[in-house]
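Asks: Whatever this is, show me its structure:
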Amino acid sequence: MEGRLGQYYLIRPLRAQAAHLNFARSQLYLAQATDDQSLYIIKFLSVTAGQIEQELFLNEVRVLSELGKLNSSYWLPLLKSGQEVLCLKSSSTRPELVRYLVLPYIEQGNIRDFLSSQICTLPQAEQLWLGMLDAVVALHKNGWLHLDLKPSNFLLNAPSDVYLIDLAFAQPYIKSQVSNVATKAMDAIRGTPRYMSPEQFLGQQLTAQTDFYSLGLILYELLMRKSLYHANDYQSWAMQHCQQPVPLLPENLASFQMLIDGLLAKNRHNRLNEVTEIRQLAQQAFQGVHHHL
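Replies: A predicted model of the protein is given here:
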């Protein structure tokens, strides 16, 4: 046990960077309730953290609260949120007042960890990606864009049963467009550069196609076992996403080329947008390949 937050014991960090505790950024921990011994995910942030981090944390609480009014199996319910004093066992860390939220614990972990621990076969890739697509579409239908899709933000509950997490960047979905959220956080940070769309780098209007672009990058990663683009700084990521052409897939994966090109079009107006078409192209592409990755 590493500490205590109200009625919860903190057991261990759930992501590597949390091993070096930094109260200026949100932390994710596995926790256990003191009364029923159940396991939970706790995310917390110091109340003295910067404005951007505060806005993102509070935005996630708001989005989870709204989604909690709906019946869906594609995201985890917000069990509790508020402010509490965090006490860590480390003698060098003083008690700290933090904002926190509590979610159910999913033992299987996230898709990034799954992909790093084993070779993903074609049938597994199909189940995973179509499950991710279903989760994102459900989020859109219930009024929100995610805007930070990446393998680590999908928890794996079963081969095709996934949960969307980390909704800090989520914005309201209004028909086919999004009303710009006028906050410092949304202006300053727009997602994870490896999985961001050109319009996120360029500060343009964000739509459902923004999330579909990220899903296209994840699909490429599932198929090729590597990221499409590689960079060391924000500007280099922006240049690649906005200007570098989508490469041709190897011959054994050629059936995916139309889908990949459609999802990763630089101009969102040229990008696939109809869910039925995306799903149909995906199913046809997977059917067109008869061997394992």
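
Asks: any chance you could map the helices in the stretch 151-293 of the chain?
Replies: 184-188, 198-202, 208-224, 234-243, 257-263, 275-287 (DSSP state H, counting those that start in this stretch).

Asks: Could you look over the ones you listed and pick the most buried one?
Replies: helix 208-224 (a mean of 23; mean count of other Cβ atoms under 10 Å). For the C-beta atoms, the positions are set from N, CA and C on the backbone; glycine is no exception.

Asks: Now name the helix or strand holding Q32.
Replies: Taking DSSP states H and E as the criterion, Q32 maps to strand 27-33.

Asks: Which neighbouring elements make contact with that strand?
Replies: strand 8-13, strand 39-46 (3 or more Cβ pairs under 8 Å, 6 or more residues apart in numbering; DSSP states H and E).

Asks: Next secondary structure after the longest helix along the chain?
Replies: Among the segments of the chain that qualify as a helix by DSSP state H, the longest is helix 122-141. Next helix or strand after helix 122-141 toward the C-terminus (DSSP H and E): strand 144-145.

Asks: Packing partners of that following strand?
Replies: By 3+ Cβ pairs under 8 Å, 6+ apart, strand 144-145 packs against helix 51-67, strand 171-172, helix 208-224.

Asks: Okay, and the beta partners of the closest residue in space to L88 that isn't next to it in sequence?
Replies: Among residues not flanking L88 along the chain, G3 sits closest, at 3.7 Å (Cβ to Cβ, 6 or more residues apart in numbering). With DSSP bridges as the criterion, G3 is bridged to L10, L88.

Asks: Contact partners for G3?
Replies: Taking Cβ atoms under 8 Å, 6 or more residues apart in numbering, we find G3 in contact with 9-10, 86-90.

Asks: What pLDDT is listed against it?
Replies: Per-residue pLDDT puts G3 at 90.

Asks: I'd like the distance between it and E53.
Replies: Distance from G3 to E53, counting by Cβ to Cβ, to the nearest Å: 20 Å.

Asks: Check L133 too.
Replies: 30 Å.

Asks: quick one, what contacts R112?
Replies: Counting by Cβ under 8 Å, 6+ apart, the residues that R112 touches are 150-152.

Asks: ok, now how distant is it from I11?
Replies: On the measure of Cβ to Cβ, R112 and I11 end up 21 Å apart.

Asks: And for R25?
Replies: Taken as Cβ to Cβ, the span from R25 to I11 is 20 Å.

Asks: Got the domain ranges for the chain?
Replies: Domains of the chain are assigned by automatic domain parsing as 3-104, 111-287.

Asks: Span of the last one from start to end?
Replies: End-to-end distance of domain 111-287: 23 Å, with Cα to Cα, to the nearest Å as the criterion.

Asks: Give the rounded mean pLDDT of it.
Replies: Mean pLDDT, computed over domain 111-287, is 89.

Asks: Begin at 17, not 1, for the rest of this chat.
Replies: Okay, residue one is now 17; in that scheme the one you just asked about reads as domain 127-303.

Asks: how about the nearest residue to S81, chain neighbours excluded?
Replies: L94 (5.9 Å).

Asks: quick one: contacts for that neighbour?
Replies: 77, 80-81, 83-84, 117-119.

Asks: repeat that with 10 Å
Replies: L94 makes contact with 76-84, 117-120, 183, according to Cβ atoms under 10 Å, 6 or more residues apart in numbering.

Asks: what secondary structure does it sit in?
Replies: coil (DSSP: H, G, I helix; E, B strand; the rest coil).

Asks: Look up how far Y245 lies from it.
Replies: From L94 to Y245 the distance is 34 Å (Cβ to Cβ).

Asks: OK, contacts around the nearest residue to M274 once chain neighbours are set aside?
Replies: Take M274 and drop its neighbours on the chain: the residue closest to it by Cβ to Cβ, 6+ apart is L297, 6.2 Å away. Counting by Cβ under 10 Å, 6+ apart, L297 touches 271-272, 274-276, 278-279, 288, 290.
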